[in-house]
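# pasting a predicted model and its sequence here:
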Amino acid sequence: MKKRTKPRYIEGPFYPWLIEMGKSAAMRRLMKNSKAVNALMMFSTKFTRGNDGQGLCVTYGEALDFMSAATFAKAKLWCIAFGFLHCKVFGRLERQASIYDLSTKWKHLSRQPEKLDRIERLLKRHDRVMRLSVSKIHAHGQIPPQTRKRMLLRRIEKQILSQ
């Protein structure tokens, strides 16, 4: 019987930072959202396959095999908030994807538990506003409730990304 020299699950080169990332306080917070961990693994798989020079792009089509488009957007926000991803190129138009890169911001955030707490509170607040029915949002002056909800979400996202 032949003895295997390396385990079956390792494909490609070994990246020790993945183990360090897995032990961090930021990763423990990210693990509260399992879909965010799945999204991070999709991005890191692309990184380990050699796309590290051009940036990482996981399309919504690729993500639909694992989760809905809304869940994928929320998962990306969690990964960016806890410092695992950052956006290199913003793709605003249809068929123009955003390009991401793996970030090391999680190392700095892991040393600051008060920032992690604030980020987690903001993400929960974002989730509550997302679930709010438009009929429960009070319009201010001429601003319709749908626009007010969108404005609230953008303000929370800016607060998350400024951490």
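Cool, got the structure.
# hmm, which helix or strand of this structure has the shakiest average pLDDT?
Least confident helix or strand, the chain: helix 16-22 with a mean of 74, by mean pLDDT, DSSP states H and E.
# what mean pLDDT does stretch 144-156 get?
The average pLDDT within stretch 144-156 is 88.
# how about it: buried residues?
For stretch 144-156, the neighbour count (16 or more other C-beta atoms under 10 Å) marks Pro145, Arg148, Lys149, Leu152, Ile156 as buried. Quick note: C-beta positions are derived from backbone N, CA and C, even for glycine.
# other residues contacting it?
By C-beta atoms under 8 Å, 6 or more residues apart in numbering, the surrounding residues in contact with stretch 144-156 are 122, 125-126, 129-130, 132, 134-135, 137-140, 143.
# what's the answer for stretch 66-81, then?
30, 33, 35-36, 38-40, 42-43, 60, 63-64, 85-87, 100, 119, 122-123, 126-127, 130, 157, 160-161, 163.
# do I have it right that Gln159 meets Leu122?
Yes - contact criterion C-beta atoms under 8 Å: Gln159 and Leu122 qualify, at 5.5 Å.
# looking at the two, which is more packed in?
Comparing Gln159 with Leu122 by other C-beta atoms under 10 Å, the one with more neighbours is Leu122, at 19 against 15.
# mind checking which helix or strand that one is in?
Taking DSSP states H and E as the definition, one finds Leu122 inside helix 113-131.
# ok, and what's touching that helix?
Contact with helix 113-131 is made by 25-26, 29, 32, 74, 77-78, 81-82, 109-110, 149, 152-153, 156-157, 159-160, 163, as judged by C-beta under 8 Å, 6+ apart.
# ok, now with 10 Å
24-26, 28-30, 32-33, 36, 70, 73-74, 77-78, 81-83, 106, 108-110, 112, 137, 149-150, 152-153, 155-163 (C-beta atoms under 10 Å, 6 or more residues apart in numbering).
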